[in-house]
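Chemist: Okay, sequence plus prediction incoming.
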Amino acid sequence: MNVGDNYYGCSVVEIFLGFLTGVAWLLLVYFGVIGSLLGILGLTGITTVLNIVITIVGLLAFLLFGICIFKRLWRCCWCRGSGGC
């Protein structure tokens, strides 16, 4: 069994949910929801640091899961003649 046969054990739904999670974190930081929530909790001193950390994690999730989706679609859509998928 090759590693590429099951694509590291991730289904399309799991990859897509990871992609959406990354988008959600980016949007929450962009619209200031995280900063407002931390302000309500009285943690305004670490708001900037946490916003940066959450943005980096969200961006990495967005990019990595987005690349996985692209690779999977590319393989399934363009590799039919050469025995892909």
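Modeler: Sure thing, it's come through. Source: prediction; values computed, not measured.
Chemist: any idea where the helices of the chain begin and end?
Modeler: Assigned by DSSP state H, the helices in the chain fall at 12-30, 33-40, 47-78.
Chemist: got the contact list for the first one?
Modeler: Residues from elsewhere that reach helix 12-30 (CB atoms under 8 Å, 6 or more residues apart in numbering): 34-35, 51, 54-55, 57-66, 68-69, 72. C-beta here means a position set from N, CA and C on the backbone, and glycine is covered the same way.
Chemist: Now it: buried residues?
Modeler: 15-16, 18-19, 22-23, 25-26, 28-29 (16 or more other CB atoms under 10 Å).
Chemist: if we can go back for a sec, may I see the helices of the chain arranged in TSV, with mean pLDDT as well?
Modeler: Below are these laid out as TSV (pLDDT from 0 to 100):
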stretch	mean pLDDT
helix 12-30	89
helix 33-40	92
helix 47-78	87
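Chemist: Identify each buried residue in stretch 30-39, please.
Modeler: Judged by neighbour count using 16+ other CB under 10 Å, the buried positions of stretch 30-39 are 34-35, 38.
Chemist: Next, count neighbours for Leu63.
Modeler: 12 (other CB atoms under 10 Å).
Chemist: give the contact list for it.
Modeler: By CB under 8 Å, 6+ apart, the contact set of Leu63 is Gly22.
Chemist: State the distance from it to Phe70.
Modeler: Distance, Leu63 to Phe70, using CB to CB, to the nearest Å: 10 Å.
Chemist: what's the answer for Gly18, then?
Modeler: 13 Å.
Chemist: Buried residues, stretch 68-81. List them.
Modeler: Of the residues in stretch 68-81, those buried (16+ other CB under 10 Å) are 68, 72.
Chemist: That one: how far from the chain's middle?
Modeler: 19 Å (CA atoms, centre = their mean, to the nearest Å).
Chemist: and if you look at stretch 12-24?
Modeler: 5 Å.
Chemist: Extract the CA atoms of it and return them as CSV.
Modeler: What follows is stretch 12-24, C-alpha atoms only, in CSV (Å, rounded to 0.1, in the frame of the first residue of the first chain):
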residue,chain,number,x,y,z
VAL,A,12,-12.4,15.5,1.2
VAL,A,13,-14.8,16.6,3.9
GLU,A,14,-12.1,16.7,6.6
ILE,A,15,-9.8,18.8,4.3
PHE,A,16,-12.7,21.1,3.4
LEU,A,17,-13.6,21.6,7.1
GLY,A,18,-10.0,22.4,7.9
PHE,A,19,-10.0,25.0,5.1
LEU,A,20,-13.2,26.6,6.4
THR,A,21,-11.8,26.6,9.9
GLY,A,22,-8.8,28.6,8.7
VAL,A,23,-11.1,31.0,6.9
ALA,A,24,-13.3,31.4,10.0
